[in-house]
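Test case, fold it:
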Amino acid sequence: MPRIMRNRRGTSLIELMVVLGIMGLVVLFSVPSASRVFDGVQVSAARTTLVNVYLGARMSARVSGRMTVLRISQNQVILERNSVSGAAKDTLSVTDLAKQYGVLLSGPDSIRIDPRGMLETNLLSTVKYVLSRGARTDSVRLSAYGSIRR
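Numbering: from 1, shown residues only. Predicted structure coming up:
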């Protein structure tokens, strides 16, 4: 007795399970990689923000002719300038790196920038800030003369 061949349409349950299993394995191995890339992007963005705040502090000191202070407090970068009377400080900006980028910031708690735009520090040393998130870290080094390095 000859067998009648039928046209098969669709997929079997086993074929569908195999495809879903393969897709699950691909996702399983790609998520940690994507997480590392995302951490690197966030640390890089936070580094750029920190450098921009520092450059803003230098510009503020030079334009106003007054001492400007860049303070770090609980992962917040606070930019302050001495008031005209010198008795108080005006807060120019507050940037929360932990809230914006999820990074931790470590380094000196404050740096002072004189009206010439130079750091008030020992001219032979640099000021170093380290930003980290997960396994990713990056650093910003500021020289007394204003140059910025990684």
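
so which helix or strand takes in the most centrally placed residue in the chain?
Nearest to the mean C-alpha position of the chain, by C-alpha atoms, centre = their mean, lies residue 46 at 2.2 Å. Using DSSP states H and E, residue 46 falls within helix 13-64.

after that helix comes which helix or strand?
Following helix 13-64 toward the C-terminus (DSSP H and E): strand 68-73.

The nearest residue to residue 115 once chain neighbours are set aside and residue 92: what is the separation?
Spatially, and ignoring its direct neighbours in sequence, residue 115 is nearest to residue 65 (4.7 Å; C-beta to C-beta, 6 or more residues apart in numbering). For every residue, glycine as well, the C-beta is placed using N, CA and C. From residue 65 over to residue 92 the distance is 15 Å, taken as C-beta to C-beta, to the nearest Å.

just for this structure, where's the confidence low?
For the chain, the stretches flagged by pLDDT under 70 are 1-8, 86, 121-124.

Enumerate every residue touching residue 134.
35, 36, 39 (C-beta atoms under 8 Å, 6 or more residues apart in numbering).
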